[in-house]
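J.: Take this sequence and fold it.
(2 chains)
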Amino acid sequence: MAPPPPILPQSLEGEYAGFVSRLIAFMVDIIIISSTIVIVTSLSGLILQFFGLNDILAAAQSKAESFGIALAYVLAAIAAISSTAFVVGYFIFFWVMTGQTPGKALMGLRIICLDGKHLSLTRAIRRYLAYWVSAVPFFFGFLWILLDEQRQGWHDEIAGTYVIYSWHARVDEKWLEELLRRIEGKS
Amino acid sequence: MSHNNESKKQDNQAERRKSPEQEFSAVRTLSRLLVGGMLEGADEVIRRLQQWEAANRSLAEGKGEPVAEDGEDKEVEHLRYALIGMLFESQARMRNRVERLSRRTNRLLSKVLDPAAENPYLKFINFRVKQLLWDEESPLERWIEIGRREEKRSRTMARQAIIGSVDEFIAHLSHNPELQEVVQQQSVGLASELIDEVRERTVTVDTLVERFARSFFRLPPREELLSAEDTIKSQNNHHDAGH
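T.: Numbering: from 1, shown residues only, chains lettered A, B, ... in the order given. Next up, the predicted model:
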């Protein structure tokens, strides 16, 4: 007689995603964003150097110090605005198009609205601005995910969104028991 | 003309002076390959047999002797055991008989040949046999030396042939498009398995961290709360009722 099939733990697909998964997804996104900014900045520097614009700027700076300082400020402002626009655009673009940034896609998470659909542009912008609301008080708005019944952060509650598992997520119960045993054993 | 003849003679002599090993001979190379293959093959077979025998012995010691459970099949099993036992005993008996036979043959030959050694006609044969066996400059020593050298070369050649063939086969396989596709699929499969493993572990850690956080703040555990589907449904109903 064939052995009975193994009983798998319940699938958590469609359930609220936890804090650690969301944190890892966010860190992946930050790595992607930072790497892109560094690469683009380096490439821009190389292009300026290729066309000799660095030398022109240095010459202009040596002749008129105030002009040099103003130019430096302008370039820094352009760089800051470009980076910020890139970061904002990255999150909003992916939220609106697919409901998942690359980091969330890697971790199998998806952002949905109350009706289970993707975010609209206004909702996505609201969610992004609400990030600052969650971040300012020592990131407590993010930590709220651990305590909330629907695992929502303050930015989710403001924007009316949820983050769910978009794959057949299952808890590894054996490993969980082992971890609990180790932690209780140590304490 | 004489100069040309002399140079031709010198070339011929140089050709003849070349040792036999320097010229390529397909027969010699093939012989080396065959001898090396047989020797290496025999060594490998003996090594594997020893390994299997050792594994079999340890398995038998671990499991113990098998017990016949069904009485009706005993006779058939007994017959089978008897045939196998007869086979092995025949081998042992054959070995003993061959040894006894070779001892008797040696005694018989020495009985026959020793008196024959006094015979003046057979003395010459006896002398030649002794010369072959015991003389330092006999061809036997030369054969032993050649055999020792050729065995080494043959084994080396066989090993190189095996390794070279395996490498060629692997290189040929690596260019096979179907195999490349299988390898790519396996790589993709491995990558997705790795991602699934990371995700699963993270979900487990989600549960663990949340359990601790909720217990610290004396909140009810996650299992007693509504699922996402129920929450979304109830909120949609509330929204529809409002409109």
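
J.: dump the residue contacts of whichever residue of chain A sits closest to chain B.
T.: Nearest residue of chain A to chain B: residue A:18, at 2.5 Å (C-beta to the nearest C-beta). C-beta here means a position set from N, CA and C on the backbone, and glycine is covered the same way. By C-beta atoms under 8 Å, 6 or more residues apart in numbering or on different chains, the contact list for residue A:18 reads A:145, A:151, B:202, B:203, B:205, B:206, B:207, B:209, B:210.

J.: Look at residue B:151 and say how many residues are nearby.
T.: With neighbours defined by other C-beta atoms under 10 Å in any protein chain shown, the count for residue B:151 comes to 14.

J.: contacting residues for the nearest residue to it once chain neighbours are set aside?
T.: Nearest-residue entry for residue B:151: residue B:39, 6.6 Å, with adjacent residues in sequence omitted and distances by C-beta to C-beta, 6 or more residues apart in numbering or on different chains. Taking C-beta under 8 Å, 6+ apart as the criterion, residue B:39 is in contact with B:151, B:154, B:155, B:158.

J.: For those, which entry has the maximal number of neighbours?
T.: residue B:154 (22 neighbours).

J.: which residues does that one contact?
T.: When contacts are counted by C-beta under 8 Å, 6+ apart, residue B:154 is found next to B:31, B:32, B:33, B:34, B:35, B:36, B:39.

J.: Following element in sequence after the helix or strand hosting it, please.
T.: Residue B:154 belongs to helix B:139-174 when elements are defined using DSSP states H and E. The element immediately downstream of helix B:139-174 (helix or strand, assigned by DSSP H and E) is helix B:177-216.

J.: Please name the nearest non-neighbouring residue to the residue most central in space within chain A.
T.: Central residue of chain A (C-alpha atoms, centre = their mean): residue A:26, 3.5 Å from the mean position. Nearest non-adjacent residue to residue A:26, counting by C-beta to C-beta, 6+ apart: residue A:103, 6.2 Å away.

J.: What's the separation between that neighbour and residue A:97?
T.: As judged by C-beta to C-beta, to the nearest Å, residue A:103 and residue A:97 stand 15 Å apart.

J.: Of these two, which one has the most company?
T.: Here residue A:103 and residue A:97 are compared on neighbour count by other C-beta under 10 Å; more neighbours surround residue A:103, at 21 against 11.

J.: Residue 55: which element?
T.: Reading this off chain A. Residue A:55 belongs to helix A:53-63 when assigned by DSSP H and E.

J.: switch to chain B, that's the one I care about
T.: If you go by DSSP H and E, residue B:55 is part of helix B:26-63.

J.: in that helix, what counts as buried?
T.: Of the residues in helix B:26-63, those with enough neighbours to count as buried (16 or more other C-beta atoms under 10 Å in any protein chain shown) are B:32, B:35, B:36, B:37, B:40.

J.: and the two most separated of those?
T.: Looking at the buried residues of helix B:26-63 by C-beta to C-beta, the two members farthest from one another are B:32 and B:40, with 11.8 Å of separation.
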